[in-house]
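Q: Quick check, what structure comes out for this input:
(one chain, ligands or ions: 2)
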Amino acid sequence: MNHTVFPEHKKYSAFVVDDDPVILKLIDHCLSRTGFTISTAGSGTDALQRIIDQRPDCVLLDIMMPGMDGFEVCRRLREHTQLKATKIIIMSGKTYQSDRSHALALGADAFISKPVHVPSFSTQVLRIIEDRIHLTFWGVRGTLPLPGPRGVRYGGNTSCVSMEFSRGPILVFDAGTGIKVLSDHLMQRKQVGIDVKIFISHPHWDHINALPFFAPLYLRGNTVEILGPCQRHTCVEDYIRGQMDGVYFPITAQEFGARVIYTNLREEVIDIEQRVKVRTMLLNHPGHCLGYRIEYQDKAICYITDNELYPMTSGLRDQGYINKLKAFIHNATILITDTTYTDTEYANHINWGHSPLGEVVNLAHEAKVNTLYLFHHDPSQDDNAIDHKLETARARLHQLGSGTECYAPIEEKLLII
Ligand SMILES: [Zn+2]
Ligand SMILES: [Zn+2]
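A: Residues are numbered from 1 along each chain as shown. Ligands and ions are numbered 1, 2, ... in the order given. Below you'll find the model as predicted:
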């Protein structure tokens, strides 16, 4: 599967300013093969008037150039109201936080660190121009990975989802085995100063056991914040360090080279750089398990796993909880949720902490969710079983006359929201 697929997009224009002709050529190559119209200049002085005349969709600016540097070009471009819609991206090998903040304060929309990673560069520029969320599923299975031919179409890794925005940290949800694939992608980019927030739903193995394989943790210059709920007296730092105490894994957390921050979460709202809001809600699962609602502009993505929705017939249903969850996910653009069992399988797994398909579909429909993603599949289910769950869910939604669409996510497939 190829993560760097370019979806259909409008043809954009970009103006690149860099005093290094090799970089100009490289960026021209990266962007023109994905349909961009490119103009280039070797200095800020040469570029300024041409950019004002051309009004490109995006300007890519190096910082350190002789004469007028990138900051100065950015500042002057932002004085022109006719360039309001033009996105300005500062590109630099300098990774100091102060330079990034300065660029944003001058009106830049984003910061891309050099060296440029050729395979993902266009995707990154498109994300900034369109100001969309790039969501990737790195693991969709629950409980255990599913290696071998039974899981090749949807992928065999356990829970991990990432969201990238035009700027700010990468948000990751859970550290099942899928996080190893995400780690490989981030390492291929050779990006310095990676900023990641990893939200853990709860510390059951399938949600944390691949965290020690997340390579950015071991590199100086990166910042990784790990957030999640406490379990009685065991908090995030305890369970992350605990699984790396030398007994269960040979490398200890003392060997992390990144700046690692551990944050305990309750039901609360987290504000990320005043742009992205993450709300949390305790879910119906053994121990403390948090669901997340990520809000950006007019979009909301809900990550709700692991969670048990009791059917009415079970006699266990708590309507107060259902109503609270319904309000939490109401009108979500995307709901990614625990659909571990078919309704038939569920009969033998009541109180195991996971939901049957029928209840998930009803909930998504009643909460007016736009798109439902069936997630955290039982390891006994092969790809065909997931196909079957998907068909059943779609048929039920059709029967309900629902406006909710339904999909089963595929590992490494990029969704642009
Ligand atoms: Zn799980
Ligand atoms: Zn669990």
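
Q: Closest residue of the stretch 301-417 of the chain to ligand 1?
A: Scanning the stretch 301-417 of the chain for the residue nearest ligand 1 gives residue 306, at 4.4 Å (criterion: C-beta to the ion). For every residue, glycine as well, the C-beta is placed using N, CA and C.

Q: So that residue is in contact with residue 353, correct?
A: Yes: assessed by C-beta atoms under 8 Å, residue 306 is found in contact with residue 353 at 5.5 Å.

Q: what residues are shared contacts of those two?
A: residue 285 (C-beta atoms under 8 Å, 6 or more residues apart in numbering).

Q: hey, where'd the strands end up in the stretch 301-417 of the chain?
A: Secondary structure of the stretch 301-417 of the chain by DSSP state E, counting those that start in this stretch: the strands cover 334-338, 371-375, 405-407, 414-416.

Q: Need those strands in a markdown table (columns: mean pLDDT and distance to residue 201).
A: Converted to a markdown table, those look like this (pLDDT from 0 to 100; distance: least, C-beta to C-beta, whole Å):
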| stretch | mean pLDDT | distance to residue 201 |
| --- | --- | --- |
| strand 334-338 | 98 | 9 |
| strand 371-375 | 98 | 11 |
| strand 405-407 | 98 | 21 |
| strand 414-416 | 93 | 20 |
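
Q: before we move on, the earlier item: wait, what's in contact with the residue of the stretch 301-417 of the chain closest to ligand 1?
A: Taking C-beta under 8 Å, 6+ apart as the test, what residue 306 contacts is 142, 201-202, 204, 207, 283, 285, 289, 338, 340, 353-354, 376.

Q: And the residue lying closest to residue 116 once chain neighbours are set aside, how far from residue 143?
A: Nearest non-adjacent residue to residue 116, counting by C-beta to C-beta, 6 or more residues apart in numbering: residue 26, 6.2 Å away. Residue 26 is 44 Å from residue 143, where distance means C-beta to C-beta, to the nearest Å.

Q: repeat for residue 82
A: From residue 82 to residue 143 the distance is 56 Å (C-beta to C-beta).

Q: what's residue 115 in contact with, if anything?
A: If you count contacts by C-beta under 8 Å, 6+ apart, residue 115 has them with 93, 190.

Q: Three-state assignment for it, please.
A: At residue 115 the chain is in coil, as set by DSSP: H, G, I helix; E, B strand; the rest coil.

Q: confidence score at it?
A: If you check residue 115, the pLDDT there is 83.

Q: backbone phi and psi for it, please?
A: Here is the backbone geometry of residue 115 (degrees, to the nearest 10): phi -70, psi 150.

Q: so what's the residue in the stretch 51-200 of the chain that ligand 1 sits nearest to closest to, chain neighbours aside?
A: Distance from ligand 1 to each residue of the stretch 51-200 of the chain (C-beta to the ion) is smallest for residue 142, at 4.7 Å. Leaving aside its sequence neighbours, residue 142 sits nearest to residue 376 (C-beta to C-beta, 6+ apart; 3.4 Å).

Q: give me the number of residues near the one you found?
A: By the other C-beta atoms under 10 Å criterion, the neighbourhood of residue 376 contains 27 residues.

Q: now swap in residue 319 and tell me
A: 9.

Q: I figured residue 283 hits residue 293, correct?
A: No: counting by C-beta under 8 Å, residue 293 is not a contact partner of residue 283; they are 11.9 Å apart.

Q: Strands of the stretch 101-250 of the chain, residue ranges please.
A: 110-113, 134-139, 160-164, 170-173, 195-199, 223-229.

Q: Single out the most deeply packed of the strands of the stretch 301-417 of the chain.
A: strand 334-338 (a mean of 26; mean count of other C-beta atoms under 10 Å).

Q: interface residues of the chain facing ligand 1?
A: Residues of the chain lying close to ligand 1 by C-beta under 5 Å from the ion are 142, 206, 306.

Q: rewinding a little: can I get the strands of the stretch 301-417 of the chain in JSON lines with distance to residue 264?
A: Formatted as JSON lines, the strands of the stretch 301-417 of the chain follow (distance: least, C-beta to C-beta, whole Å):
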{"stretch": "strand 334-338", "distance to residue 264": "23"}
{"stretch": "strand 371-375", "distance to residue 264": "25"}
{"stretch": "strand 405-407", "distance to residue 264": "33"}
{"stretch": "strand 414-416", "distance to residue 264": "30"}
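
Q: now these as CSV including distance to ligand 2?
A: Putting the strands of the stretch 301-417 of the chain into CSV (distance: least, C-beta to the ion, whole Å) gives the following:
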stretch, distance to ligand 2
strand 334-338, 9
strand 371-375, 13
strand 405-407, 23
strand 414-416, 24
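
Q: Excluding residues flanking it in the chain, which one is nearest residue 282?
A: Nearest one to residue 282, counting by C-beta to C-beta, 6+ apart, is residue 267 at 5.9 Å.

Q: before we move on, what about residue 213?
A: Leaving out its chain neighbours, the residue that sits closest to residue 213 by C-beta to C-beta, 6+ apart is residue 180, at 4.5 Å.

Q: Pretty sure residue 71 sits against residue 102.
A: Yes: the criterion here is C-beta under 8 Å, and residue 71 meets it with residue 102 at 6.5 Å.

Q: Tell me how far residue 216 lies from residue 328.
A: Distance from residue 216 to residue 328, by C-beta to C-beta: 30 Å.

Q: now do residue 401
A: 24 Å.

Q: shaky segments in this structure?
A: In the predicted model, the chain carries pLDDT under 70 at residues 1-9.

Q: contacting residues around the residue positioned nearest the centre of it?
A: The residue lying closest to the centre of the chain (C-alpha atoms, centre = their mean) is residue 163, at 1.4 Å. Contact partners of residue 163, counting by C-beta under 8 Å, 6+ apart, are 133, 134, 135, 170, 171, 172, 173, 294, 301.

Q: for residue 331, same thing?
A: Contacts for residue 331 (C-beta under 8 Å, 6+ apart) come out as 300, 367, 368, 369, 370.

Q: Most neighbours among those residues, which one is it?
A: Comparing those by number of neighbours (other C-beta under 10 Å), residue 369 comes first, having 26 neighbours.

Q: Near ligand 2, which residues of the stretch 251-400 of the chain? Just list them.
A: So the stretch 251-400 of the chain meets ligand 2 at residue 306 (C-beta under 5 Å from the ion).
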